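Novice: whatever this is, show me its structure:
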Amino acid sequence: MRRSLASSSKSCVSRNKKLSSCKHELIGSPKIQGKANLNNLFNIIFRFDQKLTFKSFSENTEPVVSDEALPSVEKDKLPSPILFSSETTLNYGDTVTVFETFRQMKHMFQLQPRSRFNCKGGGIQHEDIIKAGLGGVIKVKKGQAIICKTTLDDFTLYMKRGPTPIYPKDASAIVGLLDLNDGCKVLEAGTGSGALSLHLSKAVGSTGEVHSYEAREDFAKISKRNIEIWGAKNVQVTLGKLQEVSLPSNFYDGIVLDMMKPWEVIAKITDSLKMTRFVIALLPNMTQVVTFTNTVYEQKLPFFVDRTIEVSHRNWDIEYPFKAHPYFRQIGHTAFLVVLRKIAGFVPQPDIVSSNKDKEKEGDEDEDENVENEIR
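Specialist: Below you'll find the model as predicted:
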């Protein structure tokens, strides 16, 4: 042990001698003259001070002073991270959306006392967010953070999920296809996470009603919580299957079926839908679409298929001055929307299609015989 200590001390002494000799050689060199150049090259000495938490490598770099070492008067003089403050006030418990300019991303969370929001661009105290208000801009380590009001699209994308929610692109299309307005009453089968319920709630207004049924208890709890957080008062979520519920006659202005087998309930809901109004089935697979439409024809229900569509959006990345290309990650296929319209006296006749096909086959056979006779 003593030998190792002695050897280490000798090595340290030898290194110091080499360093001092190197310094003397550099001072005598014609290329490097003056004490300032020597300090710049060998600026490896740390200055220790109780008030400093970061030790500078260069005399030009200002040390960072810790908050604990400053008096209370000097803390108030520190620059505020808030670049712009709006007149719109925020309180603890409010839900806000923060747009991070560094990564061009949105973050939704609820304001809590003595809490801090952290992202790749930097951290923000919830207290500073309240001071900035809606529309405020806060300086972070990398870029800026913009405080925005949480929209319905933001909420449905970032809220707590049970099953996969209906994306805003499909929800907005459903609301438009149902032709809803204030005071309408809508029936929804399959609440899920409550995303579509909130879009329907906004479309029918405070005087309208949304009656939603969910078969799974865990999904019903999640959807009720999300609807409560958003503050929708006109949505009623009921735990149970639509097949086991008695529905009023000629009551609903629109019906949405977000379930695995909508063909099992299409006959049941026919009488509860008002005339010339719409039923929309949200189906992920084309095999479900074919089974659903075939059921309507086979049971001769008073519906005709208005349209079957697939909604697709293509997002683009646009940045100043010349960057413009589609996002590399796109939302692909989500679901098919099958739109049925109820018409009095209309009875679909699938046998007409088959008879037309038979006539076409007979016509093709006659043409083939005529061609053979001409050849002969």
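
Novice: C-alpha only now, for contacts and for neighbours.
Specialist: Will do.

Novice: secondary structure class for residue 306?
Specialist: Put simply, residue 306 is strand when judged by DSSP: H, G, I helix; E, B strand; the rest coil.

Novice: per-residue pLDDT of it, please?
Specialist: Listed pLDDT for residue 306 reads 94.

Novice: partners of the longest strand anywhere in the chain, with directions?
Specialist: Among the segments of the chain that qualify as a strand by DSSP state E, the longest is strand 273-283. According to DSSP bridges, strand 273-283 has the following sheet partners: strand 252-257 (parallel), strand 336-342 (antiparallel).

Novice: give me the contacts around that strand.
Specialist: Strand 273-283 has contacts (C-alpha atoms under 8 Å, 6 or more residues apart in numbering) with 174, 177-178, 249-260, 262, 289, 335-344.

Novice: now do the buried residues in it.
Specialist: 273-275, 277-283 (16 or more other C-alpha atoms under 10 Å).

Novice: and if you look at stretch 163-171?
Specialist: Buried residues in stretch 163-171, counted by 16+ other C-alpha under 10 Å: 165-168, 170-171.

Novice: so of these, which ones are in helices?
Specialist: Among the buried residues of stretch 163-171, the subset assigned to helices under DSSP state H consists of 168, 170-171.

Novice: mind putting those in TSV, pLDDT and distance to residue 238 included?
Specialist: Shown next, in TSV, are those (pLDDT from 0 to 100; distance: C-alpha to C-alpha, whole Å):
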residue	pLDDT	distance to residue 238
168	93	23
170	96	23
171	96	21
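
Novice: distance to residue 197 added to these, as TSV?
Specialist: What follows is those, written out as TSV (distance: C-alpha to C-alpha, whole Å):
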residue	distance to residue 197
168	12
170	12
171	9
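
Novice: which single one of those residues is nearest to residue 153?
Specialist: The nearest member of these to residue 153, counting by C-alpha to C-alpha, is residue 168 at 5.9 Å.

Novice: coming back round to it: could I have the next helix-or-strand element following the longest strand of the chain exported to PDB, CA atoms only?
Specialist: The element immediately downstream of strand 273-283 (helix or strand, assigned by DSSP states H and E) is helix 286-298. The C-alpha trace of helix 286-298 is given here as PDB (Å, rounded to 0.1, in the frame of the first residue of the first chain):
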ATOM      1  CA  MET A 286     -65.000  -4.600 -46.200                       C
ATOM      2  CA  THR A 287     -66.400  -8.000 -45.300                       C
ATOM      3  CA  GLN A 288     -68.400  -6.300 -42.600                       C
ATOM      4  CA  VAL A 289     -69.700  -3.800 -45.100                       C
ATOM      5  CA  VAL A 290     -70.800  -6.500 -47.500                       C
ATOM      6  CA  THR A 291     -72.500  -8.500 -44.700                       C
ATOM      7  CA  PHE A 292     -74.300  -5.400 -43.400                       C
ATOM      8  CA  THR A 293     -75.600  -4.200 -46.800                       C
ATOM      9  CA  ASN A 294     -76.700  -7.800 -47.700                       C
ATOM     10  CA  THR A 295     -78.700  -8.000 -44.500                       C
ATOM     11  CA  VAL A 296     -80.600  -4.800 -45.400                       C
ATOM     12  CA  TYR A 297     -81.500  -6.300 -48.800                       C
ATOM     13  CA  GLU A 298     -82.300  -9.800 -47.500                       C
END
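
Novice: so how far is helix 286-298 from its chain's centroid?
Specialist: Averaging C-alpha positions (C-alpha atoms, centre = their mean, to the nearest Å) puts helix 286-298 32 Å from its chain's average.

Novice: ok, now stretch 158-165?
Specialist: Its chain's C-alpha centre and that of stretch 158-165 lie 10 Å apart, by C-alpha atoms, centre = their mean.
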